[in-house]
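**Student:** next one to model:
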Amino acid sequence: DRGVEVTLTTTEDSPDWRNVVQVRGTMADGSVVSVSGTLTGPKHIERIVEINGYDMELVPTEHMAFFSYEDRPGIVGVVGRLLGDAGVNIAGMQVGRDVKGGKALIALTVDSAIPPALLDVITTEIGAESGRRVEL
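**Tutor:** Now for the predicted structure:
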């Protein structure tokens, strides 16, 4: 038993999307994480539309990464350089922030898995609060 509690809440309020599914979880340290998704267009294409309170519009892929950091110039360049130097191609990138100079989140889709050691290097180089990779 991991002490996981699941609650399903429904609401008719979704100002930006016709239908949204949100998953929220509490980590061992007490922090809450969330991700919201929807289907768009006549082909019902999957989209991630919110991550931890940041608005995004990202097609989920097999390999993704997320970095939370203090918003400042140059971060996108550092991330791109480190991934490029390691031969990891960025397929898509979204950057969301709460306010200029506040907290920010980079969401990446990449063509191949980011090795854990490289994830740690990127997290350290940009001074990120967290760096996570997702393999679907």
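
**Student:** next, count neighbours for residue 55.
**Tutor:** By other Cβ atoms under 10 Å, the residues close to residue 55 number 13. To be clear about C-beta, it is placed using only N, CA and C from the backbone, and glycine gets the same treatment.

**Student:** so it is in which element?
**Tutor:** Under the criterion DSSP states H and E, the helix or strand holding residue 55 is strand 54-58.

**Student:** who does that strand pair up with?
**Tutor:** Each strand pairing with strand 54-58, determined using DSSP bridges, is listed with its direction: strand 45-51 (antiparallel).

**Student:** need the pLDDT of residue 7.
**Tutor:** The predicted structure scores residue 7 at 56 on the pLDDT scale.

**Student:** quick one, helices of the protein?
**Tutor:** The residue ranges that make up the helices of the chain, judged by DSSP state H, are 75-85, 116-125.

**Student:** okay if I get the ones you listed as JSON lines plus mean neighbour count and distance to residue 47?
**Tutor:** As requested, the helices of the chain are arranged in JSON lines below (neighbours: other Cβ atoms under 10 Å; distance: least, Cβ to Cβ, whole Å):
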{"stretch": "helix 75-85", "mean neighbour count": "15", "distance to residue 47": "21"}
{"stretch": "helix 116-125", "mean neighbour count": "15", "distance to residue 47": "24"}
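
**Student:** quick one: closest of these to residue 109.
**Tutor:** Among these, the nearest to residue 109 by Cβ to Cβ is helix 75-85 (11.6 Å).

**Student:** what angle do that closest one and helix 116-125 make?
**Tutor:** Direction vectors for helix 75-85 and helix 116-125, defined by axes from the mean of the first three to the mean of the last three Cα atoms, to 10 degrees, enclose an angle of 150 degrees.

**Student:** give me the residues contacting helix 75-85.
**Tutor:** Contacts with helix 75-85, where a contact means Cβ atoms under 8 Å, 6 or more residues apart in numbering, come from 67, 69, 89-90, 93, 95, 104, 106, 108, 110, 114, 118, 121-122, 125-126.

**Student:** just the buried residues out of these, in ChimeraX syntax.
**Tutor:** Command for ChimeraX, covering only those of the contacts of helix 75-85 found buried under the criterion 16 or more other Cβ atoms under 10 Å:
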select :67,69,93,95,104,106,108,110,114,118,121,122,126
